[in-house]
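Visitor: Sequence and predicted structure, then a few things I'm wondering about:
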2 protein chains.
Amino acid sequence: MVMAYDGAVQRLIDAFAALPGIGPKGAQRIAFYLMSTSGDESTRLIDAISDVQEHVTFCEICGNVCEHSPCAICEDQRRDHSVICVVEEPKDVMSVERTREYRGLYHVLGGAINPMANVGPSDLRIAQLLQRLHGDEVQEIIVALNPNIEGEATTAYLSRLISPLGVKVTRLASGLPVGADLEYADEITLSRALAGRQEVS
Amino acid sequence: MVMAYDGAVQRLIDAFAALPGIGPKGAQRIAFYLMSTSGDESTRLIDAISDVQEHVTFCEICGNVCEHSPCAICEDQRRDHSVICVVEEPKDVMSVERTREYRGLYHVLGGAINPMANVGPSDLRIAQLLQRLHGDEVQEIIVALNPNIEGEATTAYLSRLISPLGVKVTRLASGLPVGADLEYADEITLSRALAGRQEVS
């Protein structure tokens, strides 16, 4: 009795199921979708993947993904080169860019310190960050890591490392997300919002 | 200001976001996952997609996906060639196979009659099904379409077409799913379950 698909189909389903956020049912749906589109969609997907494989690299300065290193942001002289926003992943750069509020530079760490997952300071792009602080150009480091245990620990670590160099280290404000309901806020978020309360002007 | 990713990265995200069940955030996550795995995962995915593109075809008899037509199920002489289970899509064949209860053959229609989406009887593999009923081998057609309006209409259509040929046409039982709660059953399902009630033996 046939219980799995024929070889190639099952391998395609398995390949998709190995990607983050795609379960076995979703992978099956995608595989049959690709088979039903007479190859056009498959070819487009193959081209997009191999294109990135061949052309996309990481910026030698900030560590963000780009097609030419240094990246467009690092090269942009209209941006404020005295501020560096430190983020965990390249996708976080895009999140900050979407606010349209930030005009400085970035530095992608490649994660956060996480002893449980064996990620120490030497596994992150911290040395490269310190190197960018030589000279007087950089005045402020905005640490914009994820607000969880690993992000907190890494923020504290960076602050202890960078503050003595005479560079101001700031972090994103903690508090209630806009549109949230006080009733459903967790205690830690609420206590952070209390501690960070601001005068109504 | 950079608001979208550099060309190739954005094209990869768009290509994944075009697949069913993947939204823009999920597509971004997959794209960065592929970029972070130094090409191995990308190559495996490309190989799997092009493999299916090159080697997978549809069975000339039942319409299921397979690597060699006729497929392994149609060729299997240990299966009961007197019963054909009619399903909408190739993935439905796998669902029925997983029950390990069915030993007959299959016929994939390629969908269900849906006037709203411009899918008429001639767009489905109905002529091919009728052709399989020539001769006396086939005794029963089990119609196993999705229990929605399109499935119902197609089931009725097939029954009117096939019954006159002296072939028994049956359909899957409608009723409460195993493990369900009577309280949460919708009225139509419950009335079907009532109408289809069976004597307790």
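Guide: Arrived safely. Residues are numbered from 1 along each chain as shown, chains lettered A, B, ... in the order given.

Visitor: which stretches of chain A form strands?
Guide: Along chain A, counting by DSSP state E, strands occupy A:57-58, A:65-66, A:80-87, A:104-108, A:140-143, A:168-171.

Visitor: which residues does A:Asp80 form a beta bridge with?
Guide: A:Asp80 has these beta-bridge partners by DSSP bridges: A:Gly104.

Visitor: Near it, how many other residues are there?
Guide: 13 (other CB atoms under 10 Å in any protein chain shown). The C-beta positions use only the backbone N, C-alpha and C, and glycine is treated the same way.

Visitor: Ok, A:Leu182 next?
Guide: Around A:Leu182 there are 8 residues (other CB under 10 Å).

Visitor: How about the contacts made by it?
Guide: A:Leu176, A:Leu190 (CB atoms under 8 Å, 6 or more residues apart in numbering or on different chains).

Visitor: and the gap between it and A:Val200?
Guide: Plainly put, A:Leu182 is 17 Å away from A:Val200 if you go by CB to CB, to the nearest Å.

Visitor: Next, format the strands of chain A as a markdown table and append distance to B:Leu19 and mean pLDDT.
Guide: Listed next are those as a markdown table, based on distance: least, CB to CB, whole Å; pLDDT from 0 to 100:
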| stretch | distance to B:Leu19 | mean pLDDT |
| --- | --- | --- |
| strand A:57-58 | 26 | 89 |
| strand A:65-66 | 21 | 89 |
| strand A:80-87 | 27 | 95 |
| strand A:104-108 | 27 | 96 |
| strand A:140-143 | 36 | 92 |
| strand A:168-171 | 37 | 90 |
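
Visitor: deepest of these, which one?
Guide: strand A:65-66 (a mean of 26; mean count of other CB atoms under 10 Å in any protein chain shown).

Visitor: now that strand, how far from the chain's geometric center?
Guide: Put simply, strand A:65-66 sits 12 Å off its chain's centre (CA atoms, centre = their mean, to the nearest Å).

Visitor: now stretch A:77-85
Guide: 19 Å.

Visitor: Once you drop chain neighbours, what's closest to A:Phe32?
Guide: Leaving aside its chain neighbours, A:Phe32 sits nearest to B:Lys91 (5.5 Å; criterion: CB to CB, 6 or more residues apart in numbering or on different chains).

Visitor: and that neighbour, how many neighbours?
Guide: B:Lys91: 18 neighbours (other CB under 10 Å).

Visitor: With A:Gly135 instead?
Guide: If you count neighbours by other CB under 10 Å, A:Gly135 ends up with 6.

Visitor: Which helix in chain A has the most residues?
Guide: Scanning chain A for the longest helix, with DSSP state H as the assignment, gives helix A:40-55.

Visitor: now for that one, which elements pack on it?
Guide: Contacts defined by 3 or more CB pairs under 8 Å, 6 or more residues apart in numbering or on different chains; DSSP states H and E place helix A:40-55 against helix A:24-36, helix B:7-17, helix B:24-36, helix B:40-55.

Visitor: of those helices, which approaches A:Ala144 most closely?
Guide: Closest to A:Ala144 of these, according to CB to CB: helix B:24-36, at 17.0 Å.

Visitor: The closest one to helix A:7-17, inter-axis angle?
Guide: Here helix B:24-36 points in a direction 100 degrees away from that of helix A:7-17 (axes from the mean of the first three to the mean of the last three CA atoms, to 10 degrees).

Visitor: Tell me the buried residues in helix B:24-36?
Guide: Burial within helix B:24-36, assessed by neighbour count using 16 or more other CB atoms under 10 Å in any protein chain shown, is assigned to B:Gly26, B:Ala27, B:Gln28, B:Arg29, B:Ile30, B:Ala31, B:Phe32, B:Leu34, B:Met35.

Visitor: A:Thr154 versus A:Ala112, what's the distance?
Guide: Counting by CB to CB - A:Ala112 and A:Thr154 are separated by 4 Å.

Visitor: Looking at these two, which has the bigger crowd around it?
Guide: More neighbours surround A:Thr154 than the other of A:Ala112 and A:Thr154, with 24 against 21 (other CB under 10 Å).

Visitor: For chain A, which element, helix or strand, carries the lowest mean pLDDT?
Guide: Using mean pLDDT, DSSP states H and E, the weakest-scoring helix or strand in chain A turns out to be helix A:187-195, at a mean of 81.

Visitor: Just read off the phi/psi values of the most centrally placed residue in chain A.
Guide: Nearest residue to the geometric centre of chain A (CA atoms, centre = their mean): A:Glu89, 2.4 Å. When read as degrees, to the nearest 10, the backbone of A:Glu89 gives phi -130, psi 160.

Visitor: got it, and A:Gly175?
Guide: Dihedral angles (degrees, to the nearest 10) for A:Gly175: phi 170, psi -170.

Visitor: Contact partners for it?
Guide: With contact set as CB under 8 Å, 6+ apart, A:Gly175 has these partners: A:Thr189, A:Arg192, A:Ala193, A:Gly196.

Visitor: Repeat the analysis, applying 7 Å as the threshold.
Guide: The contact partners of A:Gly175, taken as CB atoms under 7 Å, 6 or more residues apart in numbering or on different chains, are A:Arg192, A:Ala193, A:Gly196.

Visitor: overlap in contacts of A:Ala112 and A:Thr154?
Guide: Contacts common to A:Ala112 and A:Thr154, judged by CB under 7 Å, 6+ apart, are A:Leu145.

Visitor: shouldn't A:Cys66 be in contact with A:Val52?
Guide: No - contact between A:Cys66 and A:Val52 fails when scored by CB atoms under 7 Å: they sit 11.6 Å apart.

Visitor: Going through the contacts of A:Gly175, which ones are buried?
Guide: A:Arg192, A:Ala193.

Visitor: hmm, back to that, closest one to B:His107 among the helices and strands packed on helix A:40-55?
Guide: Once those are compared by CB to CB, helix A:24-36 is nearest, at 16.9 Å.

Visitor: Please enumerate residues in contact with that closest one?
Guide: Taking CB under 7 Å, 6+ apart as the rule, helix A:24-36 contacts A:9, A:12-13, A:16-17, A:41-42, B:19-21, B:49, B:52, B:56, B:65, B:89-91.

Visitor: So how do I select the buried members of those in ChimeraX?
Guide: Of the contacts of helix A:24-36, the buried ones can be selected in ChimeraX as follows, counting by 16+ other CB under 10 Å:
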select /A:9,12,13,16,17,41,42 /B:19,49,52,56,65,89,90,91
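
Visitor: Thanks a lot, see you next time.
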